[in-house]
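Participant: build the 3D model from these lines:
(one chain, ligands or ions: 2)
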Amino acid sequence: MAKARSEFVCQNCGAKYMRWQGQCRECGEWNCIVEVPAAAVAPTPGRQAAVRAMSGFAGAAGSGIKLLSAVSARTTARLPSGYGEFDRVLGGGIVPGSVVLIGGNPGAGKSTLLLQTVCTLSQNLPVLYITGEESLEQVALRAQRLQLQSDRVQIAAETSIEHICALAAQARPAVLVVDSIQVMHVDGIESAPGSVSQVRESAAALTQFAKQSGIAVFLVGHVTKDGALAGPKILEHCVDCSVFLTSGNDPRFRTLRCQKNRFGAVNEIGIFAMTDKGLREVSNPSAIFLNRQEVTAPGSVAMVVWEGSRPLLVELQALVDGSPYGNPRRLSVGTDQNRLAMLLSVLHRHAGLQLADQDVFINVVGGIKVEETAADVPLCLALLSSFREKPIDKRTIAFGEIGLTGEVRPVASGQERIAEAFKQGFTRFIVPKDNAPRRTPPEMEVHLIKRVNELNALI
Ligand code: TYD
Ligand code: MG
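Facilitator: Numbers count the residues shown, from 1 in each chain. Ligands and ions are numbered 1, 2, ... in the order given. A predicted model of the protein is given here:
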């Protein structure tokens, strides 16, 4: 008799192996490979439940081969969430039939953000809020305390995916919120809620349900200690957008950042303030990151970085200090460590700044992460300023990329950056020559630079 075949599947990333091993070679996760009978890989209970619940919706089944141009893309108008910052992160609003995963630490405000969103949406659209973690009374209490319009919000406390699909098929909401995916379970799977197989199956079922019904689904996801989404990696693969709500150094503010978006750019951020009345949008985020002292100390400079589709003014700080050890430290918080090493070499070679016996620390104020090369010029200015102990004029703003040969290169959206900084009251500009402002009002002092050594004269 033929031996019953089985395979070994990584519960984190789905990689398959011939035999068991302790660590998955694909994703590096430990103890995540389990033996499954080969036949059991076929349709799973969760997806079957989703299909059953779907029977009331048209256009569900597979439809054979078509020409792409002949597929009528349902021109789906995006639904505004009622929060401009949230909409921008999602790429311009909620796409019907999409699945959005919202991750974040406990207490980040995921439940608050989604409750506020459904309450706003419910004024025009049917919505369904599924709470698996909090009781109905707790949610009601929160809505009451935040003075939200909750009279049209449909809500249920439920943790079974089958029941959720059935409830949603019956209520036919435009937006379904499931808080959270880690407490959901699919009948017919042995493992406990929160385990990899339960999370994967629950997410797969809800994704299938969303795609076929056109209901936009928000899933709340927990994160692990090191900040990654708890659960299988495929969770992030199967959703359309994955956004993170995080708090930076300042506990009053929350940043919403997109990591994956099938319907828009991923580099957008939205900024909210957590108040006693819930989350409030921050319409002028530059004001937070640029909360500067009256007198500037050496080593501090303001810069304009481009975040998604808008400029953001951020303060950059550098500290250059004699190193007591033979091996000086180079540390950067908020910017790229390797880029710092490169710029130190460029400054040495092309601007005569010798820091080989100095510790160098870089910090971007406000806990924001700057990945743009436009931060090169401000970084060099801050280093020079700290080393020489000469403060930079408080009205100064800088941006620009620096190349290995010491040349200063232009960056994208230079005009918009200059306009934003001018609007915020900056009048002294240190910018690449090719980013020269088109219009210079009399109070504007512009220094156009072509080579990194020209920075020496500006400190
Ligand atoms: P919550 O949405 O429950 O977090 P999550 O679902 O991401 O775990 O947010 C709770 C936190 O937000 C909690 O630490 C208290 C704070 N908070 C306020 O400061 N003001 C408010 O009005 C609310 C509702 C919460
Ligand atoms: Mg919560």
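Participant: part of a strand, is R25?
Facilitator: No: secondary structure of R25 (DSSP: H, G, I helix; E, B strand; the rest coil): coil, not part of a strand.
Participant: so it versus C32, what's the distance?
Facilitator: For R25, the distance to C32 (C-beta to C-beta, to the nearest Å) stands at 11 Å. In short, each C-beta sits where N, CA and C put it, glycine included.
Participant: so for these two, which residue has more residues nearby?
Facilitator: Neighbour totals were compared for R25 and C32, and C32 leads with 18 against 11 (other C-beta atoms under 10 Å).
Participant: need the pLDDT of the more buried one.
Facilitator: Note on C32: pLDDT of 80.
Participant: next one: the one 4 residues further on
Facilitator: According to the prediction, V36 has pLDDT 76.
Participant: OK, contacts around the nearest residue to it once chain neighbours are set aside?
Facilitator: Among residues not flanking V36 along the chain, V9 sits closest, at 5.4 Å (C-beta to C-beta, 6 or more residues apart in numbering). The contact partners of V9, by C-beta atoms under 8 Å, 6 or more residues apart in numbering, come to A15, K16, Y17, I33, V34, V36, V41.
Participant: which residue packs closest to the first one, ignoring adjacent ones?
Facilitator: What that stands for is A15. E26 (3.9 Å).
Participant: do you know how far that neighbour is from ligand 1?
Facilitator: Between E26 and ligand 1 the distance is 30 Å, computed by C-beta to the nearest ligand atom, to the nearest Å.
Participant: and if you look at V346?
Facilitator: 43 Å.
Participant: wait, that residue touches G406, no?
Facilitator: Yes: using C-beta atoms under 8 Å, V346 makes contact with G406 at a distance of 5.8 Å.
Participant: tell me the domain boundaries of the protein?
Facilitator: 6-37, 45-51+81-283, 288-458 (automatic domain parsing).
Participant: can you tell me which of those domains the model trusts least?
Facilitator: domain 6-37 - the lowest mean pLDDT of the domains of the chain, at a mean of 83.
Participant: so how far is the first residue of that one from its last?
Facilitator: Using C-alpha to C-alpha, to the nearest Å, one end of domain 6-37 lies 4 Å from the other.
Participant: compare the contacts of V9 and tell me which is most surrounded.
Facilitator: I33 (23 neighbours).
Participant: who does that one bridge with?
Facilitator: Going by DSSP bridges, I33 is paired in beta bridges with C10.
Participant: so what's it up against?
Facilitator: F8, V9, C10, Q11, Y17, W20, Q21, G22, C24.
Participant: do that again at 10 Å, thanks
Facilitator: With contact set as C-beta atoms under 10 Å, 6 or more residues apart in numbering, I33 has these partners: 7-12, 15-17, 19-25.
Participant: also L101?
Facilitator: Residues near L101 by C-beta under 10 Å, 6+ apart: 181, 203, 207, 217-221, 229, 231, 235-236, 238-244, 259-260.
Participant: just tell me which of the domains of the chain ends up closest to L68.
Facilitator: domain 45-51+81-283 (16.4 Å; C-beta to C-beta).
Participant: show me the strands in the stretch 301-450 of the chain, by range?
Facilitator: Ranges of strands within the stretch 301-450 of the chain are 310-322, 330-333, 358-364, 396-398, 401-402, 408-409, 428-432, 445-449, based on DSSP state E, counting those that start in this stretch.
Participant: residues from the stretch 151-300 of the chain in reach of ligand 1?
Facilitator: M274, D276, K277, G278 (C-beta under 6 Å from any ligand atom).
Participant: make it 8 Å
Facilitator: Proximity of the stretch 151-300 of the chain to ligand 1, by C-beta under 8 Å from any ligand atom, involves residues D179, S180, V220, L245, M274, T275, D276, K277, G278, L279.
Participant: now the residue nearest to N261 when sequence neighbours are not counted: phi and psi?
Facilitator: Nearest residue to N261, sequence neighbours excluded (C-beta to C-beta, 6+ apart): C241, at 4.7 Å. With angles defined as degrees, to the nearest 10, C241 sits at phi -130, psi 140.
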